[in-house]
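>>> okay, here's the prediction I keep looking at, along with the sequence it came from:
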Amino acid sequence: MVDIQLEQFLRYLTPTTINQIIVEFNRAEEDNKTRIASDPIDPNIIKARDICRSFMRRNWEPFGYEVE
């Protein structure tokens, strides 16, 4: 259900904005690597990033936009 809601939300954003969201998710993942192992990153962050990437590939990559 959340996947569908996120995809619906992404339809209202520009490709640049979606790529910026992906960059922020990547930054959160990198920051997590420097944190204590007992405090793992929320798997929903990774899932949301993957949904954003998939959305970009399907909807914007054919028009020349690169996916972060």
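Structure's in. What do you need?
>>> do you know how far the spatially most central residue of the chain is from Arg57?
Residue closest to the mean C-alpha point of the chain, counted by Cα atoms, centre = their mean, is Arg49 at 2.3 Å. For Arg49, the distance to Arg57 equals 13 Å [Cβ to Cβ, to the nearest Å]. Heads up, the C-betas are built off the backbone N, CA and C, glycines and all.
>>> likewise Arg11?
In this structure, Arg11 and Arg57 are 15 Å apart, going by Cβ to Cβ.
>>> and those two? Which one has more around it.
Per other Cβ atoms under 10 Å, whichever of Arg11 and Arg57 has more neighbours is Arg57, with 12 against 9.
>>> what sits closest to the more buried one if chain neighbours are left out?
Leaving aside its sequence neighbours, Arg57 sits nearest to Val67 (Cβ to Cβ, 6 or more residues apart in numbering; 5.6 Å).
>>> in terms of pLDDT, where does that neighbour sit?
The model reports Val67 with a pLDDT of 85.
>>> got the contact list for it?
Going by Cβ atoms under 8 Å, 6 or more residues apart in numbering, Val67 touches Asn19, Ile22, Arg53, Met56, Arg57, Trp60, Glu61.
>>> 7 Å instead, please
Listed by Cβ atoms under 7 Å, 6 or more residues apart in numbering, the contact set of Val67 reads Arg53, Met56, Arg57, Glu61.
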